[in-house]
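Peer 1: sequence first, then the predicted structure:
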Amino acid sequence: YKPSHFVSVSGMLYRMKQNAVGLGNICILSTMVLVTVSTTVSLYCGIESILGSRYPTDIEVTVYDTTKEEQKAMLELVETRTRAAGMNIKQLNAYEALQFSVDKQGDTFVADTGRAGGAEVTYLLFLSPENYENATGHAIQVSPGAVAIYEQSGHLPDTFKLFGETYIVGERLKEVPVKGDLTTFVAVNVFYLVVDSQETLNSILVDQMAAYGEHASEMEYIIQFDVDGDEEAQLILKEDIRDDLKALMAQLRDDGGFSCGVYARAGSTEDFYAMYGSFLFLGLFLGILFLMATVLIIYYKQLIEGYEDRSRFEIMQNVGMDTKLVKSSIHSQILTMFFLPLFTAAVHLFFAFPLLTRCLKLLYLEDVKLFTICTVCTLLVFSLIYGLVYSLTARTYYGIVSSSDERR
């Protein structure tokens, strides 16, 4: 028999029945503070990482459905225009890629029609060995009928079927072959595949166009490069390249019709800071509101419990329990009651972490380590503020309870 535990447990049962709703509210508000602040702080702190994921190079040119002659002319245009602008190209990667979505049914990929029940949405990006070398700077050899694969998410069996053709996984790559939009996808499965030859890649393109019809994806020709100019010069170069591409394609094609995009990291930096700065403001603003609500609930609960416990405090003293034991048991109960919601909120955050990580990936934040650090720091700071609020409001509680002792 331990008197302190006996009193604490019996008192705790009563307190839990009386305060379950209030404790639940504190837990929910605490969780909201942790989620809103940690996610928005992570986004703002990771802007440079986000820009690196979204824009792996200073300038990127993407043109669809081009011939080898057109690709050669475009590459020369980019190099000539960059030199004319007084800038040097630090590193240039030019390659062809084919990407589209399919439904994964076991070890079989079928056209993504949206009607297959139980199918997993899958994004595929295909490269030939030549294009893989152009994109990464590393040579690769793939056996006929086989593929080299990088699994960004999900798992692909050693043998799989695509549009009726069977392929064997000959090598599993440890790094993502190319950088760009696909690295931020949060689908169930995202695979990069290097086929054995350009002919195989063209064959997959034909099968894909037959399966999807007018909704089929076209082959992309991508030029990525860094330059040594400042941001203003890069923006001017981007516009010049776009205008020159339009003029070039008007010469090379009778109809002049083509689809292209020219992107520069410099033009997006300010936009990203403005957008994620707004997220940070909203996160901190809502976090402060939730924190204020939490503080008020804790304060008024301390007042209410103080007046309720004052009579019980007198009864326990009247039956012979010494003041020190009474105070220690009450202190134990109050401490447990008010820090239990904080602990539960931390548990909620722990289980929500994988989902929050995927949500942040939609906003291009892939740095899980940064998000982990921001989450832990937010939890520690909130715990410190929570403990400070508790200690201040606990004084009011003990003042109310001890006033009964002074009247005796």
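Peer 2: Now that the structure is in, tell me what you want to look at.
Peer 1: the longest strand that the chain contains - contacts with which helices or strands?
Peer 2: Criterion DSSP state E: the longest strand present in the chain is strand 89-105. Contacts defined by 3 or more C-beta pairs under 8 Å, 6 or more residues apart in numbering; DSSP states H and E place strand 89-105 against helix 68-84, strand 108-111, strand 120-127, helix 129-136, helix 198-212, strand 220-227. The C-beta positions use only the backbone N, C-alpha and C, and glycine is treated the same way.
Peer 1: what pairs with that strand, parallel or antiparallel?
Peer 2: The sheet places strand 89-105 alongside strand 108-111 (antiparallel), strand 120-127 (antiparallel), strand 220-227 (antiparallel), with pairing taken from DSSP bridges.
Peer 1: report the buried residues of that strand.
Peer 2: Neighbour-count burial for strand 89-105, counted by 16 or more other C-beta atoms under 10 Å, picks out 92-104.
Peer 1: one step back: out of the helices and strands packed on strand 89-105, which comes closest to residue 53?
Peer 2: Nearest to residue 53, of all the helices and strands packed on strand 89-105, is strand 220-227, at 13.4 Å by C-beta to C-beta.
Peer 1: got the angle for that closest one vs helix 68-84?
Peer 2: 20 degrees (axes from the mean of the first three to the mean of the last three C-alpha atoms, to 10 degrees).
Peer 1: just the residues contacting whatever helix or strand comes next after strand 220-227, thanks.
Peer 2: The helix or strand immediately downstream of strand 220-227 is helix 231-252, counting by DSSP states H and E. If you take C-beta atoms under 8 Å, 6 or more residues apart in numbering as the criterion, helix 231-252 is touched by 58-59, 61, 63, 69-70, 73-74, 77-78, 81-82, 85-87, 227, 229, 256, 258, 260, 262-267, 269.
Peer 1: and helix 231-252, what's buried?
Peer 2: 234, 237-238, 240-241, 244-245, 248-249.
Peer 1: which of the residues you listed sits closest to residue 46?
Peer 2: Using C-beta to C-beta, the buried residues of helix 231-252 come closest to residue 46 at residue 234, 22.2 Å.
Peer 1: distance of that closest one from residue 199?
Peer 2: In this structure, residue 234 and residue 199 are 37 Å apart, going by C-beta to C-beta, to the nearest Å.
Peer 1: and for residue 72?
Peer 2: With C-beta to C-beta as the criterion, residue 72 and residue 199 are 20 Å apart.
Peer 1: who does the residue nearest to residue 155 when sequence neighbours are not counted form a beta bridge with?
Peer 2: Nearest residue to residue 155 in three dimensions, chain neighbours excluded: residue 189, at 7.9 Å (C-beta to C-beta, 6 or more residues apart in numbering). Note on residue 189: beta-bridge partners residue 122, judged by DSSP bridges.
Peer 1: quick check: residue 189 touching residue 150?
Peer 2: No. At 12.0 Å, residue 189 and residue 150 do not qualify as touching, with contact defined as C-beta atoms under 8 Å.
Peer 1: okay, now the residue nearest to residue 155: neighbour count?
Peer 2: Residue 189 has 20 neighbouring residues, counting by other C-beta atoms under 10 Å.
Peer 1: for the one 4 residues further on, same thing?
Peer 2: The criterion is other C-beta under 10 Å. On that basis, residue 193 has 24 neighbouring residues.
Peer 1: now do residue 375
Peer 2: By other C-beta under 10 Å, neighbour count at residue 375 equals 23.
Peer 1: ok, it - contacts?
Peer 2: 34, 38, 42, 349, 353.
Peer 1: element containing it, please.
Peer 2: helix 368-407.
Peer 1: noted, bye for now.
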